[in-house]
Structures are given as structure tokens and as C-alpha cells.
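[1] 3D model of this:
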Amino acid sequence: MSPDKLDAYRSKRDATRTPEPVPEPGPLPTGQDDTFVIHEHHARRLHWDLRLEREGVLASWAIPKGLPLDPKTNHLAVHTEDHPIEYSTFEGEIAQGEYGGGLMLVWDRGTYETEKWTDREVKIVVHGSRASGRYVLFPTHGKNWMIHRMDPPPEPGLPTAADLRPMLPEERRRLPRDQDAYGFEFDLGGTRALAGIENGKVGLFAEDGTPVDHPDLAGLGKNLLGLPSVLDGQIVEMDGTPIYMIFDVLRLNGGVLLDRTYRDRRRTLDHLSLRGPHWQTTPWFPGDGKAVLKVAREQGLPAVLAKRLDSPYVPGARSPYWLRVPVGD
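    Predicted coordinates for the structure are as follows:
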């Protein structure tokens, strides 16, 4: 059988071991060559995958720092194997040990226009909800390409930690009946604060947006690979040491994650592996409220939090999506 554009893709995957689409050999679909998708890929290292529909497949590049927003800065883009068209809607967890093992989420999806497509230059205009503008990709050495933004930087519009206000829970006396629809966390008390990471520097902001003193979080920016981010958490005293306990991620690189479900935000947060001498990620327990409440009572904690798995993050709102249930006697 003559080779087709997806042979390399199939050779790296076992359809019985991965949730990814693995189409059988055969004629490729025809389309308008105008669909693009960007995946947020929590593999061995976090990166973003740009995929462009082209002649029945998705031409793909792995971009460690995502699309550049400033034309003064080019980003590395590693050319990878073509992916099937069905990958444009794929999200899921690829098992560890498999090729590309890790969480794969759609970061943006939309349409694009081709201005030029050759082996030496791919010039496009993308129209997405998060990414937009004119870009050019060009090879440098082997599979290594670069991606360059041709438009001026976009107008500042991404919310900062000082701009946002924390989402607040409603008080309830009992756990929700449909526990399978919730994730549960320990309420550790302490001081609620949003963390903003910009240019590697970290600032914490109280519920009213004013700066607050915080533990030494200088390494948190490095832990996040220097990516601009906004996190939600609490400053808690542990053995006399203030620790920033992180339980949500609201912005990551150029993407605002407020419209993502709680489940997906928590999965993203877990895959970031944020842990250091003065910060760590809190645990969460899908569908196991009674056990979490029992442990909280044994540990002398004030309450547990029940958060709907399908809920967005609504800044500044006291929302029934999140419930605070006191431990009681």
C-alpha cells in the first residue's frame, strides 16, 4: 500500500491504548483548508500545538511558549507529524508512557486564511476567540521552525490579578445530594488571594484588589516557566510558615480560563505541578464529599468546599456553583 500523510501519525500510536482518533488508511477527507486548532498539551513539558487544516490533514507544530503576541519576539515551533482532521475537536488524557502522554485540551479553535504555503514559509491569518492576527512560520534547522507575529501587538485586554475578584461560595448546612457532580476541597482557612505572574514576578492581591504581603514566591514564576498567569488560592500558616495554597488557575499564558469547567481548570492546575518551599497545589476529590468531610472533621478544619465539575469561574460572584459546608460537631 502506498504511504499516506497519516502513516507517521499511526506509527506512533496504538488505537487500543490511546483515546486519540486513529483513522484507518484510506482516502483523506476534503475540506476548505481553513480550520485551525491550538491544543494546550500537558506532556512531559507544557506546550501548545498549532494545527492547520491542509489537504485532508492537520499540519502541526509544537510551540513551547505558545503564539507570540509581540513581533519583536519569535517563538520556537517544532514541526511534528500531520494529524487527522478529527483531532480538531479532540480533548482527553493520553496515558503516560504513550507517545505524547498527558492532558490535551483545546485552547482555541477557529478559521484561518492562507497567504502563502511553501516548504520554506507558511504565512497565515488566524481568527479565533483567543488567538488572532497574521503569523508566519519558517524553518531554521531540521524540524525546528520559528513563528513570528506580523501584526502589531494586540491591545492589552487580558485581566490581571488586580482586575479580577475571587469567586465566592454560598453557605450550605449539608453536602449536595448529587455528589458525583461535584469536586470537593478542604477549606484551610487563611487569607484568600489571587496571584498574578507577569514577567516572572509574582504579586498577591486581596479580595478587593489591594496588594497583600505574601510569603517568598519568587520561584513560583520559574515553576510556571515564566508564563503570565493568574492563580487563586489562600495564604495559610503551616508550622509557623506562610504557604500559598493554590486551588484554581484563571489565566495561563495568553488564555483566559474563566469559561473552562472547574474539572478542566483543576486538571490543568494539577498538570502544572506547582510545588515549592512556600507554595503548593491543594488536593481535590471528585464525587467523594462524605470522605472529605470526615477527614476535615478529624483534622480540625472549618469546612469543605463543593464545586460543580461543570461550572465556570464567575469573578466576584457568590455563586451556587460553589458551596461551603461547615464541618460542625
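
[2] Please enumerate the helices of this structure.
    Taking DSSP state H, the helices of the chain run over residues 7-11, 218-223, 262-272, 289-299.

[3] contact partners of the shortest one?
    So that's helix 7-11. The list of residues contacting helix 7-11 from outside it, by Cβ atoms under 8 Å, 6 or more residues apart in numbering, reads 22, 25, 81-84. The C-beta positions use only the backbone N, C-alpha and C, and glycine is treated the same way.

[4] of these, buried ones?
    Among the contacts of helix 7-11, those buried by neighbour count (16 or more other Cβ atoms under 10 Å) are 22, 81-84.

[5] hmm, back to that, with respect to Leu52, which of the helices of the chain lies nearest?
    Leu52 sits nearest to helix 7-11 of all these, at 15.0 Å, using Cβ to Cβ.

[6] ok, Ala303 touching Ala296?
    Yes: at 7.1 Å, Ala303 counts as touching Ala296 under the criterion of Cβ atoms under 8 Å.

[7] what's the overlap in contacts for those two?
    Residues touching both Ala303 and Ala296 by Cβ under 8 Å, 6+ apart: 187, 327.

[8] Can you list the low-confidence ranges for the chain?
    Applying pLDDT under 70 to the chain flags residues 1-3, 329.

[9] can you list the contacts of helix 7-11 in a markdown table and add distance to Ala62?
    Conversion of those to a markdown table gives the following (distance: Cβ to Cβ, whole Å):
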| residue | distance to Ala62 |
| --- | --- |
| Val22 | 19 |
| Pro25 | 25 |
| Glu81 | 11 |
| Asp82 | 13 |
| His83 | 11 |
| Pro84 | 17 |
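
[10] Narrow the residues you listed to those in strands?
    The strands in this structure, assigned by DSSP state E, contain 81-84 from the contacts of helix 7-11.

[11] With distance to Leu224 as extra columns, can I get those in JSON lines?
    Below are these laid out as JSON lines (distance: Cβ to Cβ, whole Å):
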{"residue": "Glu81", "distance to Leu224": "29"}
{"residue": "Asp82", "distance to Leu224": "31"}
{"residue": "His83", "distance to Leu224": "27"}
{"residue": "Pro84", "distance to Leu224": "32"}
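
[12] List just the nearest of these to Lys12.
    Within those, proximity to Lys12 (Cβ to Cβ) peaks at Glu81, which comes in at 6.9 Å.

[13] Tell me how many other residues surround the nearest residue in space to Arg297 that is not next to it in sequence.
    Using Cβ to Cβ, 6 or more residues apart in numbering and skipping the chain neighbours, the partner closest in space to Arg297 is Val327 (4.7 Å). Using other Cβ atoms under 10 Å, Val327 has 18 other residues around it.

[14] for Pro315, same thing?
    Look at Pro315: counted by other Cβ under 10 Å, it has 16 neighbours.

[15] So it versus Val256, what's the distance?
    To Val256, Pro315 is 10 Å away according to Cβ to Cβ, to the nearest Å.

[16] Overlap in contacts, the two.
    Shared contacts of Pro315 and Val256, defined by Cβ under 8 Å, 6+ apart, are found at 159, 250.

[17] how much space between Arg297 and Asp310?
    On the measure of Cβ to Cβ, Arg297 and Asp310 end up 28 Å apart.

[18] try Leu194
    Using Cβ to Cβ, we find Leu194 at a distance of 23 Å from Asp310.

[19] So between those two, which is more surrounded?
    Counted by other Cβ under 10 Å, Leu194 and Asp310 do not tie: Leu194 has more neighbours, with 27 against 12.

[20] residues in contact with that one?
    Residues counted as contacts of Leu194 (Cβ under 8 Å, 6+ apart) are 161, 164, 166, 204-205, 230-233, 250.

[21] Let me have these in a markdown table, extended by distance to Leu52.
    Written out in a markdown table, the entries for these read as follows (distance: Cβ to Cβ, whole Å):
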| residue | distance to Leu52 |
| --- | --- |
| Ala161 | 33 |
| Leu164 | 33 |
| Pro166 | 38 |
| Leu204 | 39 |
| Phe205 | 38 |
| Val230 | 29 |
| Leu231 | 32 |
| Asp232 | 34 |
| Gly233 | 37 |
| Leu250 | 29 |
